[in-house]
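Chemist: Output the structure for:
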Amino acid sequence: MTKNDVALKDTVECPIKHIAFIMDGNGRWAKKRGMPREYGHKVGAEVFRKIMRYCGDIGIEAATFYAFSTENWKRPQKEVDAIMKLLSIYLDDCKKELRTNNMRIVFLGDKSIFSEELRKKMIDIEESSKNNTYIVNIAMNYGGRDEIVYAANKLIAQGKTHLTEDDISSAVYTNISPELDIIVRTGGDLRISNFLLWQAAYAELYFTDKFWPDLTTDDVDEIVDAFKHRKRRFGGV
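Modeler: Residues are numbered from 1 along each chain as shown. This is a model prediction of the structure:
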């Protein structure tokens, strides 16, 4: 896509304010090519960067990416180590493009389980980007049920004895993001795998058989176009 193409898209308001991606299929993509799963994650990380930037270019206000779940720690240690290394590399590179792309990076999930070095990098990135307006949520050590429990405990600690929907919405990790419009899952599976359970109540769902490393900006355009033609009733007629 050329700069002129992006400029043209920027003149049309994007119907999606908040999009979320379940980036599934990295390991299977690599296996089909006779490569180790770690190679799939490396290519998937490159696609993540491309899709992340593109969502901002076309006017999406917030993009959330399911990078590593609370259950993913059960994967082989070699694969987990490779993902943590990719995260560290991304964090080192990230500061270079925060201002250029006006990105505000937010990590969803419990950071306490990560190494001190990674945790410090994550907090530094969040702090240094907090005044930018395009929100990029990266779910690391994240689980949807865990998030709801976290929100409830946070509110209880504040002295709340009766919780409302607004209370919980204000306490979940995505509280600075617009309401979620659509969840996109690559890889062919038809489930949301404990992702954004609170936020997904009225979100649209979009499934594709493509593995994450094969996703392109043209696919994002198709997703946006499909969303335009859906009629959202929010429980009404």
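Chemist: quick one, what contacts the residue lying closest to Ile182 once chain neighbours are set aside?
Modeler: Of all residues not flanking Ile182 in the chain, Glu204 sits nearest, at 4.3 Å (Cβ to Cβ, 6 or more residues apart in numbering). The C-beta positions use only the backbone N, C-alpha and C, and glycine is treated the same way. Neighbour list for Glu204: Asp181, Ile182, Ile183, Phe227, Arg230, Arg232 [criterion: Cβ atoms under 8 Å, 6 or more residues apart in numbering].
Chemist: what's the pLDDT at Glu204?
Modeler: Looking at Glu204, its pLDDT reads 97.
Chemist: how about the contacts of Glu204 in CSV, adding distance to Asp146, pLDDT and secondary structure?
Modeler: Converted to CSV, the contacts of Glu204 look like this (distance: Cβ to Cβ, whole Å; pLDDT from 0 to 100; DSSP: H, G, I helix; E, B strand; the rest coil):
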residue, distance to Asp146, pLDDT, secondary structure
Asp181, 23, 98, coil
Ile182, 23, 98, strand
Ile183, 18, 98, strand
Phe227, 28, 97, helix
Arg230, 30, 89, coil
Arg232, 28, 76, coil
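Chemist: picking up where we left off before, report the separation between the residue nearest to Ile182 and Cys14.
Modeler: From Glu204 across to Cys14, the span is 14 Å (Cβ to Cβ, to the nearest Å).
Chemist: what about the strands in this structure?
Modeler: Using DSSP state E, the strands of the chain run over residues 18-22, 62-69, 103-108, 134-142, 182-185, 204-207.
Chemist: Work out the gap between the fourth one and the centre of the chain.
Modeler: What separates the centre of strand 134-142 from the centre of its chain is 5 Å, taken as Cα atoms, centre = their mean, to the nearest Å.
Chemist: helices or strands up against the helix ranked longest in the chain?
Modeler: Identified as the longest helix of the chain according to DSSP state H is helix 77-101. On a contact count with 3 or more Cβ pairs under 8 Å, 6 or more residues apart in numbering; DSSP states H and E, helix 77-101 meets helix 37-57, strand 62-69, strand 103-108, helix 116-128.
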